[in-house]
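**Student:** Below are the sequence and a predicted model for it; my questions follow.
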Amino acid sequence: MPRCLHIHDSGFQCVSEVLETTDFCEDHQKIVPFELSEEAGWQKIVYRFVALILLIMFLIPLIYTLRNLYVGPPAKAQEVW
């Protein structure tokens with residue numbers, strides 16, 4: 001029978017045999033339900049707000065730089081004596 005697909009923190013593979021319906025052994029078949037707490041919702045909003053502020057901080061100088069390079073008045077040609 002094939003071995004369990006679970007990899008331990010040490011990097012070694014589990015030596016137990018797999019169940020017939022899955023690729024994991026009895027010990028590693030456990031499914032943990034995922035639940036969001038109320039704090040996770042607020043954290044998500046705060047992270048998005050901070051990301052927006054950082055994006056604006058980096059885009060404003062970029063916009064001014066590109067505007068000065070491409071939209072500004074053309075540079076005067078150097079006059080040769």
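**Tutor:** Looks like it arrived, so ask away. Numbering: from 1, shown residues only.
**Student:** For the chain, give me the ranges with low pLDDT.
**Tutor:** Residues of the chain that meet the criterion pLDDT under 70 lie in 1, 31-32, 36, 72-81.
**Student:** Go again with 90.
**Tutor:** Residues of the chain that meet the criterion pLDDT under 90 lie in 1-44, 64-81.
**Student:** so how far is residue 61 from residue 29?
**Tutor:** Residue 29 sits 53 Å away from residue 61, going by C-beta to C-beta, to the nearest Å. For glycine as for every other residue, the C-beta is placed from the backbone atoms N, C-alpha and C.
**Student:** Sorry, wrong one. I was asking about residue 12.
**Tutor:** Counting by C-beta to C-beta, the gap from residue 12 to residue 61 is 50 Å.
**Student:** Number of residues surrounding the closest residue to residue 2 other than its chain neighbours?
**Tutor:** Nearest residue to residue 2, sequence neighbours excluded (C-beta to C-beta, 6 or more residues apart in numbering): residue 18, at 5.2 Å. Under the neighbour criterion other C-beta atoms under 10 Å, residue 18 is assigned a count of 19.
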